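Visitor: The amino acid sequence is not available; the structure is as follows:
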C-alpha cells in the first residue's frame, strides 16, 4: 500500500525539487500553498505532485490581474439591466489605488491539485509579468488542464506553451482583448442593446 500523502511531505518534496520555491503566507484558506519562482518549475512541480505524491486531480486553474482598479468603461451602467426583477445591485465601484490592495503589474496564476485518496489539496502559485505572460501547458499531464488553460488564455491572455489547441473558449471571436484584465475596456457591440 502506498504511503498516505500529507501536507508536510508535499511541502518538503516541492521545496526540495523546485528552485527558489517557498511556502506562500498566507496560503489559500488553510491549504498548503507553494509559490513557484519561475515558469520553468511548473511542469516539474506538477509531475512530482501527480507521479510521486498521488495528486492526480487537477481541480482548478485560475489567475488574478493585480494591475489596479478595474476600468468601468463599457460596463452596464443602468441600475437594473434586467426588466424582470428590481433586486439587482448597481454597477460595481472599484477601490481606490492604495486602498489595501497590493497592486503591481503581474498576473498571479493559481493551480489546485487534489489527492482524492488521502483528502489532501495543494495549491501552486506563480506570478508572471502582464506583458507576454507565458507558462508551460499541463494539458499533456492532466486532461482537465485543456479547457481550463483555454479559459485563462481567453479571459486574461496567458499563453500556455505546448497547449494542443490554445483558442478562445468563452468569448466570441470578434471581442478584442481579454475581459478579466484590469485595463480591458469593453467596446459596445450588437449584444449590448441600447
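Guide: Thanks, I have the structure now. Worth saying up front: this structure is predicted, and the values here are computed from it rather than measured. Numbering: from 1, shown residues only.
Visitor: hang on, isn't residue 135 packed against residue 127?
Guide: No. Counting by C-beta atoms under 8 Å, residue 135 sits too far from residue 127 to count as a contact (10.5 Å). Every residue, glycine included, has its C-beta placed from N, CA and C.
Visitor: Find residues that contact each of these two.
Guide: Common neighbours of residue 135 and residue 127, using C-beta atoms under 8 Å, 6 or more residues apart in numbering, are residue 109.
Visitor: did I read that right, residue 174 in a strand?
Guide: No. Under DSSP: H, G, I helix; E, B strand; the rest coil, residue 174 falls outside any strand and is assigned coil.
Visitor: could you measure it against residue 160, distance?
Guide: Using C-beta to C-beta, to the nearest Å, residue 174 is found at 23 Å from residue 160.
Visitor: The two: who's more crowded?
Guide: residue 160 (23 against 9; other C-beta atoms under 10 Å).
Visitor: show me what contacts that one?
Guide: With contacts defined as C-beta under 8 Å, 6+ apart, the neighbours of residue 160 are 134-139, 145, 149, 152-153, 166.
Visitor: next one: residue 41
Guide: Residue 41 neighbours (C-beta under 8 Å, 6+ apart): 18-21, 126.
Visitor: likewise residue 45?
Guide: The contact partners of residue 45, taken as C-beta under 8 Å, 6+ apart, are 14, 17-18, 21, 34, 36, 124.
Visitor: swap in residue 58?
Guide: Residue 58 sits next to 46, 111-113, 138, 141-142, 144-145, 148 when contact means C-beta under 8 Å, 6+ apart.
Visitor: Run through the protein and note the low-pLDDT ranges.
Guide: Where the chain drops to pLDDT under 70, the residues are 1-2, 72-100, 191-194.
Visitor: Can you point out the buried residues in stretch 46-55?
Guide: For stretch 46-55, a neighbour-count test (16 or more other C-beta atoms under 10 Å) marks 46, 48-50, 53-55 as buried.
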